[in-house]
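S.K.: generate coordinates for the sequence data below:
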Amino acid sequence: MVRIVAMLAWSAMLMAPALAQGAYPDRPVRLVVGFPAGGPTDGPARVLAEKLRASLGQPVVVENKPGAGGKIAVDHILGQPRDGYTLLVCTYIDAINTVMYRKSSYTLDDLAPVSLITNAFYAIAVSKDLPVRDIQEFIAYAKARPTEINYGHVGAGSAPELVAKRFERATGVQMTGIPYKGMGDALQEMVAGRLHFAIGPLITTMPLFEADKLRVIAMTSPQRLAAAPTVPTLTEQGVPIVAGTWLGICAGKGTPQAVIDLVNRKVVEAVASDDYRALMRKTGVLGVSSTPEAMAAEMRKTEDEAGELIRALGLQRD
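M.R.: Okay, the predicted model is just below:
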């Protein structure tokens, strides 16, 4: 009898840690977004969060922590326990920031990629106050007014800024950059007539274009987009620039591999759904997914390509 009691006690001790930890997830998951609500990062995040809520069986709460070109959100999630309960909608900009700042608070090795969730291109928008209808007219107008043209971006080294810098180099135009917390804010300044030029995501740019509040004169895509078939690309108009961006899901390095694998499976399922892909297409975004390894490769590629441009232009900051 004593032996049986001892065996039961030993079995209970072995089971206790598993019972204490529970199966992931056993409580709500936070999905942190480094840009304001309603923007091009926030929209896909909220659609994905709802689908993950259904598949994970727990609430997935989107939290916006905008500022510093996404760095505030990255620093926040890296300060949380690496248990999969705080995830990040990581962006192209997060990879750029590692080379933009000489004293970056993180490296790509601090992040654990899970999966890509979108690929996208940009719309080139101008204020309706400008007497231009296409890229060549804008180039001529801006060259006649060096440094007088203001453009919006979302932080040093952000995709909108780097594409604008590439545009300046390719065309000989000189503009003055103005940072905003999100491109939605920048575009509203354009509607108000206080900003001249912006390279914006379609999700925030096209509704204003369709409402005739600003003018879209080009796309950065390799071909015309189904979301805007009447708008020509930059390359069609003689400017040899194709530029895209991506979003994905990341965790902090050290998150258990079993958790990474589970979240990856659920994200891949969500992105493959017809309604997710349809919703993304409506905003000019392509719903895509990947393995963690493929996303890591994409992040490295972004870092390498952006680093070359940033160093060539002398854009690095302390």
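S.K.: roughly how far apart are the residue lying closest to M299 once chain neighbours are set aside and Q316?
M.R.: Closest residue to M299 apart from its sequence neighbours, by C-beta to C-beta, 6 or more residues apart in numbering: A95 at 4.8 Å. (Glycine included, C-beta is placed from N, CA and C.) According to C-beta to C-beta, to the nearest Å, A95 and Q316 sit 15 Å apart.
S.K.: of the two, which one has the most company?
M.R.: More crowded of A95 and Q316, by other C-beta atoms under 10 Å: A95, with 26 against 14.
S.K.: mind checking the SS state of that one?
M.R.: Counting by DSSP: H, G, I helix; E, B strand; the rest coil, the backbone at A95 sits in helix.
S.K.: is it in contact with A306, as I believe?
M.R.: Yes. Counting by C-beta atoms under 8 Å, A306 is a contact partner of A95 at 6.9 Å.
S.K.: which neighbouring elements make contact with the longest helix along the chain?
M.R.: Ordering each helix of the chain by length in residues (DSSP state H) puts helix 292-313 first. In terms of contacts (3 or more C-beta pairs under 8 Å, 6 or more residues apart in numbering; DSSP states H and E), helix 292-313 is packed against helix 92-100, strand 111-126, helix 159-171, strand 244-252.
S.K.: again, only this time at 10 Å
M.R.: With contacts defined as 3 or more C-beta pairs under 10 Å, 6 or more residues apart in numbering; DSSP states H and E, helix 292-313 has these neighbours: strand 86-91, helix 92-100, strand 111-126, helix 159-171, strand 244-252, helix 257-272.
S.K.: what's the closest of these to M295?
M.R.: Distance to M295, taken as C-beta to C-beta, is lowest for strand 111-126 among the helices and strands packed on helix 292-313, at 3.8 Å.
S.K.: may I have the phi/psi pair for the nearest residue in space to I241 that is not next to it in sequence?
M.R.: Once flanking residues are discounted, I241 sits nearest to L234: 4.9 Å by C-beta to C-beta, 6+ apart. The phi/psi pair for L234 (degrees, to the nearest 10) reads phi -60, psi -40.
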